[in-house]
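Novice: Have a look at this prediction, sequence included:
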Amino acid sequence: MTIHTISSRELNQDLARAKRAALDGPVFITDRGRPAHVLMSFAQYQQMSGQRRNIIDALAVPGLSDIEFEPTKAEIMSRPADLS
């Protein structure tokens, strides 16, 4: 992973270059010589944040239909409320 540093002025002049650099690693964007922002790919962000997949992605896993799963039926019994 490579870390790039560019100024906010360079970012405004060549956004495509900054986006390409973000594929290699984070891009630090400076404002008057001081780090102000970080640009990174969405895949890197997901990996860093530990973001979980949603249920739709989890259920779309190939071969999932081959797994046998038959849960037992839950028995819910009610009883009269004690209002004393």
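Specialist: That came through fine.
Novice: ok now the helix or strand bottoming out on mean pLDDT in the chain, how far from the chain's centre?
Specialist: Counting by mean pLDDT, DSSP states H and E, the chain has its least confident helix or strand at helix 55-59, which shows a mean of 71. Remark: helix 55-59 is offset 14 Å from the chain centroid, using Cα atoms, centre = their mean, to the nearest Å.
Novice: before we move on, what about stretch 76-84?
Specialist: 46 Å.
Novice: elements contacting the least confident helix or strand of the chain?
Specialist: Contacts defined by 3 or more Cβ pairs under 8 Å, 6 or more residues apart in numbering; DSSP states H and E place helix 55-59 against no helix or strand at all. The way it works is simple: take the backbone N, C-alpha and C, and place the C-beta from them, glycine included.
Novice: Need the pLDDT of residue 43.
Specialist: pLDDT recorded at residue 43 is 86.
Novice: doesn't it fall inside a helix?
Specialist: Yes. Assessed by DSSP: H, G, I helix; E, B strand; the rest coil, residue 43 belongs to a helix.
Novice: strand partners of whichever strand or helix holds residue 37, parallel vs antiparallel please.
Specialist: Taking DSSP states H and E as the criterion, residue 37 maps to strand 34-39. Paired with strand 34-39 in the same sheet, following DSSP bridges, are strand 27-31 (antiparallel).
Novice: any residues touching the partner strand, and which ones?
Specialist: Under the contact criterion Cβ atoms under 8 Å, 6 or more residues apart in numbering, strand 27-31 has outside partners 3-8, 11, 18, 21, 35-40.
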